[in-house]
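[1] structural data only, the sequence is not supplied:
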């Protein structure tokens, strides 16, 4: 039950701030729309007859395949870790989410490397099937791309389903059981449907990611929308075609996003009051533990273990050959600096928007909220070009500085922090502020003394989310970075495209080394909140 | 007399109470970060800015040498050419770039078509043969590369492969390695072939090499050469310098090089190049840079660090490369080649190449 | 008809703690409404779960319809017991309509439609029908036993398409009951079914539920801590405390012939005052009453006498004991007054409401129960 301040006056400072932020978030979209509108019906027809169908097919089929894969993998892993008691369960719960700390293009880089002639996979295959045997290369192929994408994104589904299972009320199972329904049928008719909101939320994130991914599909040479947009933007095509494609992609993402919000509000009714029995894990015997461990080790290995060990191997190789370039630490610093700055600034930008939207029912503030969620549906190259335009024509003093990169990060990743803070503010009942006001605090003091301390966790979660995402960002940074300023992500990209892989590996390790632990922190905070 | 302790409101020490203290600190931090982010950038201290798509390994030596020789503080922004072109275009007259340097003249010419370059003539430029000049002197080639065939000495008799069209013949089915079709050199090579041989021939060529290569499509040239050296494939279609690079690393590698079509049109060549941007702030320094790259000294660094062919006829090639006059190169009509790139891309897509 | 359910010397503990169900035995007659009454922690919920099959006993047996359904190491799964259950929080499946909830045990959707129903938009497939008519159930075509009939019985007609979150508490409870009844089970278990309801509605809903259960002809076993509810609805009550059965009997037996202090004080409002046996009377400060027939005690034995508010009488002409009013509570026709006796003991007495006594007033009262309830004093009770 959400109480809102219906009759209090809205804090003017916040309203203005919210307006400014919304406008900022909408600028790249406005830029793209302006360009796309220059395209006439003939241009659209041409697109429809040439590249559009192929891109639609590729992108949608990739999304569908990845969704199916992550559904199976994410749900099965969450279920195992929630339902059974086995040694190492707590640690596994945490470990299985770590692949999100690995940038997807690094995963692509490692996996494709393995399949290159002379790579580990080829060598293994030859030893098994004879020296003439050869595994096909994964470039431009559907299944390998789904494989890598799935490994990179299954944690979205895993985490959300795991959280939902933690809140699962066993009474439903018992009610079904007493109705005469067998175990498997119970799972299909009660347990799984009740997890549906979480599964859908996770799959939404996966599909949205597939739409907007640039690095991974580029490395695997799978031609999707975002990749096409980047290539068109890069001079061969014209800006208008790129903008038109972008508009289609944004439309698809926005549709998806809207559906997800609707589904989420409907799923609120799945909460129950009354007596609540938690899912108590079943013990498993030796054989069960073995089977479970085997399954978990396999998937964790494929998504994380293999990646890290391969990078370590290459790094060692590279260091032995030529030593570790000192510049590596400079790149690390750049990455951390820009990501940290973006994350910190984002906290302040989010507060007015989140606060106004959760406390007041005004349409205007809901619009602020929607505008700020833009970043979710705008792919990286679009934001890059949009910010380039903004910076050059509207904010010229900052062009050429790192602030431009930070701005791009803000627009792209604000939604992630926003979601966390929105959830936190929702949980703080407005009458707490009223209680503070009665005691004599002004509006701002009440905010500082009551709301923020309580929302601390949500704010911190938001900070971490923005930070970890910004560390991995590639296409916008490529476009916007100032002279002599490289982030780890850029470095990895450049090195792999120039084929000096030995340098890419240490940079990748450093990137993972910074973001994975932070990500682990994020997960463990979430887990601590649920009683396992 | 009240039994309750005094209820006078305590003054909170400033804002440093619980979460609000952390908040204030974070706010100050954000402000500080913002200021740092807006701090002056190296570009403002540079006397010459080069946007280079050529890759760091090959750009840095030239920059260093130039800086040492002239004392001009030079900065390079290295990125892939696509990103640089977008930036140049968007920046318009606010661009910081003085020189645009790329590995693919096609992109350079695209920049010219978009009005992003300015012409430059000098003694050094005139020194370079006509075929390496861009239209209206808008840009100039820096080095040249040939499309060649690399072969495994144990598996191939070089006399059997004389022309580029030979590698598309059925007898090499399953024995050819190529790069993915989005490789710029590949596209450039195809574009040159279109101009030279016409679209029908090129279509048949593409169909043939697609069949011959099958799955052996590599992300870049280096793995192609490695595969040839290992004997996994018999033939590879690469840029010439990869061969010499590989030999320099492994002098005993069982690989050989064939410059195709020596009896007919000569080996297809592509060129790298550079041009001065239209709104360059340091035009004078930019001109000096171009001259330097084309000078004897500059060419040695620019071209030969990567075993490429210098465009300056007075410069001696790297001794590993074939002596001048021993290899025939197809004439490079760059102006035409850039138009052909779009056709090349369409043909490649039509063939459905990976 | 005979006993539908027999609990025989049932024991259960959750290691390594104490016995949660400690040697409990009783039977439930067919068609009756049996209550298990006790405070929280008395083991009554565990007992219910043992009957349902969610827990396994450590010793003893549960026999239903002559078959052993629970024994140590041998437990028939809940889904095979033909028992219905109404959970305390109803546990209505939030993703299904009222109708789908009620039909849940009757429906048998195929595997493929079930799997496909996971996809967005195809949820309806999961509710595919493939029911079999169940003897005694409401899935059959028999008009007396059809589902619409069940909906009418539970006053849910017209709500079939609603979702649980759109219903009031009382409506949800009726859906839970309908669902439990749909398969025509021999026994229905109800776990504190009224504790989630507003007090104002509680009485009405209680009576409605009793009527539904009787009309359905089911045997019911209910669990509650609310003694007023048990007294008013049950055919028989089993009182539990600390895992042990304190007494089993009709509400009258429990009320008027409690077998021990706990039952006496737990059920119904009461106070205790000291008394002394004198011949065949028991003398107390509020009058003397005949010794209860089943109590043998010598004169001089000290006893604790239970006082129930409704058994007080006003006295006239200086008879009875003078007591001072210190508080009152209106209860319709009568008022329960808190009185203090000359000895200082406080008692509650129900007196006619028209007296309109106020705090400080004096009344003369005496205690006149139909049957006196008293217990010999144990050294532990009175230091």
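    Now that the structure is in, tell me what you want to look at. In this text, all values refer to a predicted model and were calculated from it rather than measured experimentally. Residues are numbered from 1 along each chain as shown, chains lettered A, B, ... in the order given.
[2] so residue C:35 touches residue C:232, yeah?
    No. Residue C:35 lies out of contact with residue C:232 (CB atoms under 8 Å); the separation is 10.0 Å. Yep, even glycine has a C-beta here, placed from its N, CA and C like the rest.
[3] and residue C:309, what does it touch?
    Going by CB atoms under 8 Å, 6 or more residues apart in numbering or on different chains, residue C:309 touches C:269-270, C:336, C:348-350.
[4] from those, list just the buried residues.
    C:270, C:336, C:348-350 (16 or more other CB atoms under 10 Å in any protein chain shown).
[5] which ones among those are found in helices?
    Among the buried ones among the contacts of residue C:309, DSSP state H puts none in helices.
[6] pLDDT check: weakest of those residues?
    Across the set of those, residue C:270 stands lowest in pLDDT, at 81.
[7] roughly how far apart are that one and residue C:220?
    Distance, residue C:270 to residue C:220, by CB to CB, to the nearest Å: 28 Å.
[8] equivalent analysis for residue A:420, please.
    Counting by CB to CB, the gap from residue A:420 to residue C:220 is 48 Å.
[9] can you check residue B:128 too?
    From residue B:128 to residue C:220 the distance is 102 Å (CB to CB).
[10] who's more crowded, those two?
    Using other CB atoms under 10 Å in any protein chain shown, the more surrounded residue of residue B:128 and residue C:220 is residue C:220, with 29 against 18.
[11] list the pairing partners of the helix or strand harbouring the more buried one within its sheet, with orientation.
    For residue C:220, the host element (DSSP states H and E) is strand C:219-224. Sheet pairing here is set by DSSP bridges, and for strand C:219-224 it gives strand C:33-37 (parallel), strand C:187-191 (parallel).
[12] what's the spacing between it and its chain's center?
    Chain-centre distance of strand C:219-224: 6 Å, with CA atoms, centre = their mean, to the nearest Å.
[13] can you check stretch A:278-286 too?
    Worked out by CA atoms, centre = their mean, stretch A:278-286 lies 31 Å from the chain centre.
[14] need the contact list for residue C:242.
    C:22, C:41-43.
[15] 10 Å - rerun?
    Counting by CB atoms under 10 Å, 6 or more residues apart in numbering or on different chains, residue C:242 touches C:18-20, C:22, C:38-39, C:41-43, C:262.
[16] check residue C:83 too.
    Contacts of residue C:83 (CB under 10 Å, 6+ apart): A:178-180, C:5, C:51-53, C:64, C:69, C:180, C:183, C:185-189, C:219, C:221.
[17] so which of these are in strands?
    Per DSSP state E, strands hold the following members of these: C:5, C:64, C:69, C:187-189, C:219, C:221.
[18] quick one: the helices in the stretch 151-300 of chain C, in order.
    Secondary structure of the stretch 151-300 of chain C by DSSP state H, counting those that start in this stretch: the helices cover C:169-182, C:199-216, C:227-233, C:251-256, C:261-266.
[19] equivalent analysis for the stretch 1-150 of chain B, please.
    B:19-37, B:56-70, B:81-91, B:105-113, B:123-127.
[20] so which of those helices is the most surrounded?
    Comparing those by mean neighbour count (mean count of other CB atoms under 10 Å in any protein chain shown), helix B:105-113 comes out on top with a mean of 24.
[21] tell me the secondary structure at the closest residue to chain A within the stretch 51-200 of chain C.
    Here the stretch 51-200 of chain C gets closest to chain A at one residue, residue C:89, 2.2 Å apart by CB to the nearest CB. Look at residue C:89: counting by DSSP: H, G, I helix; E, B strand; the rest coil, its state is coil.
[22] quick one: it from chain B, how far?
    Applying CB to the nearest CB, to the nearest Å, the value for residue C:89 to chain B is 35 Å.
[23] surely that residue is in contact with residue A:171?
    Yes. Look at residue C:89 against residue A:171 with CB atoms under 10 Å: they come within range, at 6.5 Å.
[24] residue B:286 contacts residue B:279, doesn't it?
    No. The criterion here is CB under 10 Å, and residue B:286 misses it with residue B:279 at 11.1 Å.
[25] assign residue A:325 to helix, strand or coil.
    coil.
[26] before we move on, back to that, closest to chain A out of the contacts of residue C:309?
    Nearest to chain A, judged by CB to the nearest CB, of the contacts of residue C:309 is residue C:269 at 27.9 Å.
[27] residue A:102 and residue A:157, how far apart?
    For residue A:102, the distance to residue A:157 - CB to CB - is 16 Å.
[28] who has more neighbours, those two?
    Shown here are residue A:102 and residue A:157; by other CB under 10 Å, residue A:157 has more neighbours (30 against 25).
[29] now the closest residue to the more buried one other than its chain neighbours: which helix or strand?
    If you skip the residues right next to it in sequence, residue A:157 has residue A:74 as its closest partner in space, 2.8 Å away by CB to CB, 6 or more residues apart in numbering or on different chains. Per DSSP H and E: residue A:74 is located in helix A:51-83.
[30] also residue B:242?
    helix B:240-249.
[31] circling back: overlap in contacts of residue C:35 and residue C:232?
    C:226, C:251.
[32] most packed of the strands paired with strand C:219-224?
    Buried most deeply of these, by mean count of other CB under 10 Å, is strand C:33-37, with a mean of 26.
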